[in-house]
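> Output the structure for:
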Amino acid sequence: MSDRGIVVEKAANYIMDYGLKSLRMDDLAQQLAMSKRTLYEMFSDKEQLIYESLCFLHEAEHMRVREKVHTYNNHLAALFDGFLIMTEKSHVHKRITQNLQKFYPALYEKVQTEFEKKSFEDLRRLLRNYIDEGLIKSEINIELAVVTFHFTAHGIISSSKLSLPEGVTEKEALFYAIVNFFRGLATLRGVEQIDQYMKNKNEILYKIDR
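As a prediction, this is how the structure comes out:
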């Protein structure tokens, strides 16, 4: 890994552990045993380092999901479990996003636009793959499905006025929305995969509760 990569990874881990607001170039330089001047020779400013750190975290999270689910035969199960893995630290990511919006509004807009574009591309690719595999109906409007999914998920995550039933968490609500979104698009074969996944999931939860 290059020196720049080492700095980015260190900053990314620091942001995850202590928050965006706590990241200081002086502290980072000291931890890396380098001068602050060297940091600013690598990065034009602190915002550039934060941007590259957030991109690193975004890619690292997707890599972790791919490594966990790449052996799944049930591809819809891989999708749902991948979602659950990505939401394990959702409270940390939400705090980072809120601080980014508050302290670095221009960078927030840039990151949101780029990550949203990538999410749209990823979902389009998934839907096309699932259509080819016979899991999703071929007649669906992919662009409409992508937009509908995005605003449903975003509404649950970002709404401060969302009223959920007692005992239901935001994560559970989002999971419910994702499973039912794909059920609505699924072919008979796709529904069978979803039903098998949910059956296995409920059996696991039952054993834990017992």
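
> Angles on the backbone of Ala186, please.
With angles defined as degrees, to the nearest 10, Ala186 sits at phi -80, psi 150.

> pretty sure it is touching Leu135, no?
Yes - shown here, Ala186 and Leu135 form a contact pair, counting by C-beta atoms under 8 Å, at 6.2 Å. From N, CA and C alone the C-beta is placed, and that goes for glycine too.

> now the stretch of helix or strand Thr113 belongs to, how far from the chain's geometric center?
Assigned by DSSP states H and E, Thr113 belongs to helix 105-132. How far helix 105-132 lies from its chain's middle: 10 Å, per C-alpha atoms, centre = their mean, to the nearest Å.

> So Phe83 versus Ala33, what's the distance?
39 Å (C-beta to C-beta, to the nearest Å).

> which one of those two has more residues nearby?
Phe83 (16 against 6; other C-beta atoms under 10 Å).

> what's near enough to touch the more buried one?
Leu174, Phe175, Ile178 (C-beta atoms under 8 Å, 6 or more residues apart in numbering).

> ok, Gln193 - how many residues close by?
23.

> And for the one 4 residues further on?
Summarising burial for Tyr197: neighbours were counted as other C-beta under 10 Å, giving 19.

> The one 5 residues further on now?
Number of residues near Asn202 (other C-beta under 10 Å) recorded here: 10.

> Next, the spatially most central residue of the chain: phi, psi?
Geometric centre of the chain, nearest residue: Met86, 5.2 Å, by C-alpha atoms, centre = their mean. For Met86, the backbone dihedrals (degrees, to the nearest 10) come out as phi -70, psi -20.

> could you show me where the helices are in the chain, in order?
3-18, 25-31, 36-42, 46-69, 75-86, 90-103, 105-132, 142-158, 170-185, 188-209 (DSSP state H).

> give me the low-pLDDT residue ranges for the protein?
Residue ranges of the chain with pLDDT under 70: 159-162, 203-210.

> Mark which of the contacts of Phe83 are buried, thanks.
Neighbour-count burial (16 or more other C-beta atoms under 10 Å) is assigned, among the contacts of Phe83, to Leu174, Phe175, Ile178.

> So which bits of stretch 142-151 are buried?
Neighbour-count burial for stretch 142-151 [16+ other C-beta under 10 Å]: Ile142, Ala145, Val146, Phe149.

> Closest to Ile156 out of these?
Distance to Ile156 across the buried residues of stretch 142-151 (C-beta to C-beta) is lowest for Phe149, with 11.2 Å.

> so who does that closest one touch?
Leu123, Ile178, Phe181 are the contacts of Phe149 under C-beta under 8 Å, 6+ apart.

> Appreciated, that's everything.
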